[in-house]
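J.: Predicted model follows, preceded by the sequence.
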Amino acid sequence: MERYEERFLIAAGIVLLLFLGALAYSAFAMHIVLPSAHGMIHYSADRPLRLVLRKTPPFDNPGVREVSPGRYEVVIVAYAWQFVPDEIEVPAGAEVTFMGTSADVIHGFFIPGTRINTMLIPGEVSEFTYRFAKPGKYLLLCHEYCGQLHHTMHADVVVK
Ligand code: CUA
């Protein structure tokens, strides 16, 4: 083997090990992982998801609730092609925990200008927390193609 080739192989090996090391460090030491399901909702052909959701807390009662001073919970169910509720009002600076799921197909959950960007998957619970620093009107968009009226699927988030 040429010496030149050998050096390249060694350099490539070192770079690979560095990247794998960085990946392992971020996952195991810093706990940076992809969002995963915070719960499953079991349904079947004779127990369709739409009906199961109507009886499964908290999705049997979607909406905004203050759980303790300065802490809010927003429960959202996505349907083709609407979010329920489609208007969400929370105070600026509050800790807002979103809990969402889909009643039919995969929908997106994206609020431009924030780091809120996830998917709502039928049978899975998506949960994340966010603080809106500035008051204003934000747009919640579905950014996963979900059928004919996908482009109309949105909700308003009013931060006061
Ligand atoms: Cu829902 Cu696209």
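T.: Yes, it's here.
J.: residues in contact with the most centrally placed residue in the chain?
T.: Per CA atoms, centre = their mean, the C-alpha nearest to the average position across the chain is that of residue 118, at 2.9 Å. Residue 118 is in contact with 35, 100, 108, 109, 110, 126, 128, counting by CB atoms under 8 Å, 6 or more residues apart in numbering. All C-beta atoms are positioned from the backbone trio N, CA, C, and that covers glycine.
J.: What about the ligand: which of these touch it?
T.: Residues of these in contact with the ligand (CB under 6 Å from any ligand atom): residue 108.
J.: ok, the contacts of residue 118 vs residue 9, which is closest?
T.: Nearest to residue 9, judged by CB to CB, of the contacts of residue 118 is residue 35 at 37.3 Å.
J.: any idea which element the spatially closest residue to residue 109 that is not a sequence neighbour lies in?
T.: In this structure, residue 109 finds its nearest non-sequential neighbour in residue 118, 4.9 Å apart by CB to CB, 6 or more residues apart in numbering. In the assignment (DSSP states H and E), residue 118 maps to strand 117-120.
J.: and that strand, C-alpha only, in PDB?
T.: C-alpha atoms of strand 117-120 as PDB (Å, rounded to 0.1, in the frame of the first residue of the first chain):
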ATOM      1  CA  ASN A 117     -41.400  21.800  15.300                       C
ATOM      2  CA  THR A 118     -42.700  18.300  15.800                       C
ATOM      3  CA  MET A 119     -45.100  15.700  14.400                       C
ATOM      4  CA  LEU A 120     -48.500  14.500  15.700                       C
END
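J.: still on that earlier bit, could you check how far the residue nearest to the centre of the chain is from the ligand?
T.: Remark: distance between residue 118 and the ligand (CB to the nearest ligand atom, to the nearest Å) = 13 Å.
J.: For that residue, give me the pLDDT.
T.: Looking at residue 118, its pLDDT is 93.
J.: ok so, going back, now the strand holding residue 118: buried residues?
T.: Neighbour counts over strand 117-120 (16 or more other CB atoms under 10 Å) mark 118, 119, 120 as buried.
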